[in-house]
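> Give me the fold of what follows.
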Amino acid sequence: MAVAVSKLKELGVKRVAIPSAGNAAAALAAYGARAGMEVYTFMPRDVPETILKECVFMGAKVYLIDGLINDASEIVRKLKPEHGWFDVSTTKQPYRFEGCKTMAFEIAEQFNWNLPDSILFPTGGGEGIIGLWKGFNELLELGWVEKIPRLIVVQSSGCAPLVKAYNKDEPEVKEAWENAETVADGLRVPHPYASYLILRAIKETEGMAVAVDEKEIISSMKTFLKMGIYACPEAASTLAALKNLESESALATDEKVLLYLTGNAMKYFEVMEVKRDEILVLNRDADFLA
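Presented below is the predicted three-dimensional model:
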């Protein structure tokens, strides 16, 4: 989003809008504020409160939708002629891809140009996967790397349109996922706009698309937290997917696998319950632990 906003500022864009499950809206609100742009965000009404506060306090004009991101996208499209904003939606303009592809550059550099065999990436709208694919292809064309990692899309079983299309060997998502529901808000994209590019990236890298259930996602969040890693539900889905793929012997024993962690758990702690009344309360003069 930093790259996209910088380019739009260069082009003289003053007003931008985005339908979002949450995090992209917060990013646009932040960078748009810094660039002096008028920012409109449209998010599902059950967006995490932390993200809602981010957008409001950073000065964006915030609208909650009684629906999902696809419904928000339709509102942005419908009202665009009246309000004259630039639509910064996922995969509907080239500039966010240019930002996302830097992930590939960073991976290559940090792996000392010896890339991992596979990358597990949590995927909703798919911009990250497409950006990785673009970035690795550019590095390959330059001769700086010798291969492109297998790109493995991870979705929630509560909203897995890409997994369904992949399993049916379809070139794109044919219809929206019905009754989409998941604790991983960023994965709740019933009908990814550029699904044909995502599925092409999977196919060309000999990757795959897998789904994990909600309990596995939350369990993986807790596992990461015990390792000192604050991974959001979307990111934690990659660990759940890795465990499943290992149990199915879908990965080689010597395979070098990267789990791409895309966000911080601090915005999503409400998905993990703590029973306060079961935690021991000490008297202020306590001198022993029961």
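
> Could you find the closest non-adjacent residue to residue 257?
residue 118 (4.9 Å; CB to CB, 6 or more residues apart in numbering). In this view, the C-beta of every residue, glycine as well, is placed from N, C-alpha and C.

> who's in contact with stretch 102-110?
Outside stretch 102-110, the residues within contact range by CB atoms under 8 Å, 6 or more residues apart in numbering are 3, 115-116, 119, 128, 131-132, 134-136, 138-139, 144-145, 258, 260.

> Quick check: helices, which of the residues you listed are part of them?
3, 128, 131, 132, 134, 135, 136, 138, 139 (DSSP state H).

> Tell me what the closest residue in space to residue 40 that isn't next to it in sequence is bridged to.
Of all residues not flanking residue 40 in the chain, residue 17 sits nearest, at 4.0 Å (CB to CB, 6+ apart). Legend: beta-bridge partners of residue 17 under DSSP bridges are residue 40, residue 87.

> so what's residue 17 up against?
39, 40, 41, 42, 76, 79, 80, 83, 85, 86, 87, 88.

> Try it again at 6 Å.
The neighbourhood of residue 17, defined by CB atoms under 6 Å, 6 or more residues apart in numbering, consists of 40, 76, 85, 87.

> now it: how far from residue 63?
10 Å (CB to CB, to the nearest Å).

> Against residue 240, how distant is residue 228?
For residue 228, the distance to residue 240 - CB to CB - is 19 Å.

> Compare these two (neighbour count), which wins?
With neighbours defined as other CB atoms under 10 Å, residue 228 and residue 240 compare such that residue 240 has more, 26 against 6.

> which residue ranges form the strands in this structure?
15-19, 38-44, 61-65, 86-87, 118-122, 150-156, 208-212, 257-259 (DSSP state E).

> about what we covered before: buried only: go through the ones in helices among the contacts of stretch 102-110 for me.
Listed as buried from those are 3, 128, 131, 132, 134, 135, 136, 139; burial here means 16 or more other CB atoms under 10 Å.

> and which of those residues is nearest to residue 24?
Using CB to CB, residue 128 comes nearest to residue 24 of these, at 10.9 Å.

> thinking again about what came up before, mind putting the contacts of residue 17 in JSON lines, neighbour count, distance to residue 154 and pLDDT included?
Shown next, in JSON lines, are these (neighbours: other CB atoms under 10 Å; distance: CB to CB, whole Å; pLDDT from 0 to 100):
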{"residue": "40", "neighbour count": "25", "distance to residue 154": "30", "pLDDT": "97"}
{"residue": "76", "neighbour count": "22", "distance to residue 154": "27", "pLDDT": "95"}
{"residue": "85", "neighbour count": "20", "distance to residue 154": "32", "pLDDT": "96"}
{"residue": "87", "neighbour count": "15", "distance to residue 154": "27", "pLDDT": "95"}
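
> Show the pLDDT at residue 290.
We have a pLDDT of 67 for residue 290.

> just to revisit the earlier point, could you redo the ones in helices among the contacts of stretch 102-110 as TSV and give each row pLDDT and distance to residue 105?
What follows is those, written out as TSV (pLDDT from 0 to 100; distance: CB to CB, whole Å):
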residue	pLDDT	distance to residue 105
3	95	12
128	94	14
131	96	10
132	97	10
134	97	11
135	97	6
136	98	9
138	97	8
139	97	7
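
> so where do the helices sit in the protein?
So, for the chain - with DSSP H - the helices run 2-10, 23-35, 49-57, 69-83, 95-100, 102-110, 127-142, 161-167, 195-204, 214-226, 233-247.
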